[in-house]
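Q: Sequence first, predicted model second:
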There are 2 protein chains.
Amino acid sequence: MVDLLPWLVSVGSPLTSACIGGGDQGFFLLAEASEAELEPLVLASVLLSLITVYLAAKIGGELCARLNLPPVLGELVGGVVVGISALHLIVFPEAGGEMGSALLRVVDATAGLDPQSLMTVFRGESEVISVLAELGVIILLFEIGLESDLKELIRVGPQAAVVAVVGVVVPFALGTVGLIALFNIATVPAIFAGAALTATSIGITAKVLAELQRLNSKEGQIIIGAAVLDDVLGIIVLAVVASLAKTGEIEILNVVYLIAGAAIFLVGSIFLGRLLSPFFVTLVDQMKTRGQVIISSLVFAFFLSYVAAAIQLETILGAFAAGLILAETSKRKELEEQISPIADMLVPIFFVTVGARTDLGVLNPLDPNNREGLIIASFLVLVAIAGKVVTGFAVFGQPGINRLAIGFGMVPRGEVGLVFAGVGSASGALSESLEAAIIVMVISTTFLAPPLLRVVFKEPDDTGSDTDEKEIPAVEAGEVS
Amino acid sequence: MVDLLPWLVSVGSPLTSACIGGGDQGFFLLAEASEAELEPLVLASVLLSLITVYLAAKIGGELCARLNLPPVLGELVGGVVVGISALHLIVFPEAGGEMGSALLRVVDATAGLDPQSLMTVFRGESEVISVLAELGVIILLFEIGLESDLKELIRVGPQAAVVAVVGVVVPFALGTVGLIALFNIATVPAIFAGAALTATSIGITAKVLAELQRLNSKEGQIIIGAAVLDDVLGIIVLAVVASLAKTGEIEILNVVYLIAGAAIFLVGSIFLGRLLSPFFVTLVDQMKTRGQVIISSLVFAFFLSYVAAAIQLETILGAFAAGLILAETSKRKELEEQISPIADMLVPIFFVTVGARTDLGVLNPLDPNNREGLIIASFLVLVAIAGKVVTGFAVFGQPGINRLAIGFGMVPRGEVGLVFAGVGSASGALSESLEAAIIVMVISTTFLAPPLLRVVFKEPDDTGSDTDEKEIPAVEAGEVS
């Protein structure tokens, strides 16, 4: 093969290339323990981290399910408990985890490493967990796309579209302008926070409506349609905002390129995908080996994710498009069944690590330095509720409709809001306090929406939620948007 | 206890992440591009690598399925094609991949990185793929355990036990002694190669027997029973041998500790597990959130894997024990269904990377330096066949039984032999040529066994294999041992 980096060849031994750039700079890292010796410890650390992540996700999720709250909230709170804010079991090098995690001490107890090797293991483990979390959000968006229905989206029509657009524009404008004008926040982080306000969690809303047996009411239909559209709009907004965050500058041309790029990518890939999907089905049908549906679909989803990343958009936009396309094929049901355990395995890693990275300490009210962060969080919660409640009053030609119910139905941000916070955090655009404020906003709106909806629908009785929980499909059980 | 799990595949990555992670050791590496900028590129590289791995696995697997060969062989050969031997798409820093992979240039084409940052991305990607491959083999052994039947193992009784023990002892002794005496190979690598000769692939044998409709013949029953026992014996042998490779010395006390430790761990965890599994089932039944069966089982499997690693055994021994234990609970069927897509996703990464790491160039017959490796490979193939064929003649009290059929049924090494090669390669115990010779042995025995079986069963006609392929469960379709 062609030498990619000819300057490295002179380095010679594979061992010296151990540290990037190899050679003369990297040798000191090998002084204490060789990389071959450390590698098994990385796997052991990854196993311990995954056990911790799953325990946090399941304990939190089960508690929330018993409190009639969406399980994803429990995964988030579980992540906060095991993360940088409290137990320090899951921490990351870049976010205050310079001392390594508490789990690392467990690994060290059986290995007896020097501090430098220990740090090397820690960084290897963090890298793997981070990428697993990102694969988790890719699988999540793929699954959301798979469970969306393009035709139904078109059918629910203008009412839902108006609600969706108002529910994106109003919170975004109020939030961004408010943060800049009232709190002197820089433009890019303000836009990011504003974008996080646009999300709507279809999972949480659908679950509550199902409990109240209002899914098929006129209000319910509009809410669900608008929430699905919000998923699409939200992902475009996220793709645009995340790209802005990379450059750190707002250029009109760039914004136009990103919006146009995201729209063209989504529409184009769906159009091409629908043309090509019969070939996909034929190909899969001709395959004889195990896993033909799931592997072919993952290749497709990873390919679109990579293309989206390569043209400076977000990987999750590609994954979502892949889901939408495959949802229209005859393989949909089989694929939904097979992607489900994979999502069960990878998605909690995303939510728990979002929680684990969030330092709620920056919102501790006892520290006067945190006052501004707390005020920002309160402002975001207010805008988040007001910005969505107005959507109910945008509905036209429907006298007597329960406008407050529609508004409250759009309030919960759920996992989509967390995706914004996670992407924002990874991009480095958000300050610690602003990120924590967004997390507080997401948690508050998600906790508040179910009781508010129950009040406006005037249904004090809430029996039968347990059976609903088992009957309704995964997407409505609050685990995916 | 520095080297906990020497068999772990990837190398170099801890250092990579050290560099990526920044901090006091890595700062000089961040001169060109910050870690936040590089992180998305690591994800993009991982996505491209996974696409390549899946395409190689599926193209190879489908070709083999059409040639009536086990798909896992195709995954291995696909890995060889995309790996260090040919296309250089999947390469690893420690195994001749100092120049990065060809995929990296694709990533670089849209990113325009400096060489140093590019290398950082390469090492991050390699770390992630290596750990995913390790998780793949953990899931594979968990699935094999889950599909084994403890009670049936006990029932098939003495005939199968004799065949299994002879089939482990004879090839191991012949192989190890032969390598030392004839080729002057050092003791530890010779033992490793001998251990690789002990494996039997139940998946390949079962598939061929099913095609010939001989699964329920006396010969078929003995073969299957012995192959299942061989799985257990083989994993204990592997655990012992891999631990020996860590220290590089053969101490009688150490060997006794390892054999006793592996046996006690396996028996003890199964005994405790059977006691505790009713509580596991009760716990899972009380859970209300999505993924309760799969996540609880993964936590259990990862926990036993970690414990096995912490007491100096192999992670896969723990995963196998976890599978055996959960196979006896009422959740077995549900768990088998849910683990299947996860195995489909992760296991091919293991087989493809085993192939990708194998440099078949060291067996190029045109190079005189390779002559010894080729002779060793031929020797291993001969011992591999002879050592298993004798097992048929160890069967007692069964006049008129087809002894050759039993012997040939035990010949294919399949994926179990590859696990040995992968673990041996990661431990650094095997020379390049010895590793390649083992791979050649595994490939040869696996390709040879199906036609040999057909000859001794005197069934020239081989219709109906297509339908069998779809009907028989995954374990018999040659994808898992």
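A: Cool, the structure landed.
Q: contacts, neighbours, all on C-alpha from now
A: Noted.
Q: Can you tell me how far A:Ala356 is from B:Ala86?
A: When distance is defined by Cα to Cα, to the nearest Å, A:Ala356 is 42 Å away from B:Ala86.
Q: typed the wrong thing, it's A:Ala109
A: For A:Ala109, the distance to B:Ala86 under the criterion Cα to Cα works out to 42 Å.
Q: Where in chain A is the helix or strand with the lowest mean pLDDT?
A: Here the helix or strand of chain A ranked lowest by mean pLDDT, DSSP states H and E is helix A:6-9, holding a mean of 28.
Q: Looking at A:Ala109 and B:Ala86, which is more packed in?
A: Neighbour comparison, A:Ala109 and B:Ala86: the larger count goes to B:Ala86, with 16 against 12 (by other Cα atoms under 10 Å in any protein chain shown).
Q: Surely that one touches B:Val80?
A: Yes - using Cα atoms under 8 Å as the test, B:Ala86 is close enough to B:Val80 to be in contact (7.0 Å).
Q: which stretches of chain A have low pLDDT?
A: Within chain A, the set of residues satisfying pLDDT under 70 comprises A:1-37, A:94-100, A:152-157, A:202-204, A:207, A:211, A:247-250, A:458-481.
Q: I'd guessed A:Gly323 sits against A:Ala301; true?
A: Yes - if you go by Cα under 8 Å, A:Gly323 and A:Ala301 touch, sitting 7.3 Å apart.
Q: what is in contact with these two at once?
A: Counting by Cα atoms under 8 Å, 6 or more residues apart in numbering or on different chains, the common neighbours of A:Gly323 and A:Ala301 are A:Phe142.
Q: now the helices for the stretch 301-450 of chain A?
A: Listed in chain order, the helices found in the stretch 301-450 of chain A under DSSP state H, counting those that start in this stretch are A:315-327, A:332-357, A:371-389, A:403-409, A:414-427, A:432-456.
Q: Take those and lay them out in TSV including distance to B:Gly361 and mean neighbour count.
A: Listed next are these as TSV, based on distance: least, Cα to Cα, whole Å; neighbours: other Cα atoms under 10 Å in any protein chain shown:
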stretch	distance to B:Gly361	mean neighbour count
helix A:315-327	37	28
helix A:332-357	37	23
helix A:371-389	61	21
helix A:403-409	64	25
helix A:414-427	42	24
helix A:432-456	52	22
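Q: Out of those, which gets nearest to chain B?
A: helix A:332-357 (5.3 Å; Cα to the nearest Cα).
Q: angle of that closest one against helix A:414-427?
A: Relative orientation of helix A:332-357 and helix A:414-427, computed by axes from the mean of the first three to the mean of the last three Cα atoms, to 10 degrees: 60 degrees.
Q: counting contacts, what elements does helix A:332-357 pack onto?
A: In this structure, helix A:332-357 packs against helix A:35-66, helix A:71-82, helix A:115-147, helix A:292-310, helix A:414-427, helix B:292-310, helix B:332-357, with contacts taken as 3 or more Cα pairs under 8 Å, 6 or more residues apart in numbering or on different chains; DSSP states H and E.
Q: now, of those helices, which is deepest in the fold?
A: Relative to the other members of those, helix A:71-82 carries the highest mean neighbour count by mean count of other Cα atoms under 10 Å in any protein chain shown, namely a mean of 28.
Q: Skip ahead from that helix and say which helix or strand is next.
A: Toward the C-terminus, helix A:71-82 is succeeded by helix A:102-111 as the next helix or strand (DSSP states H and E).
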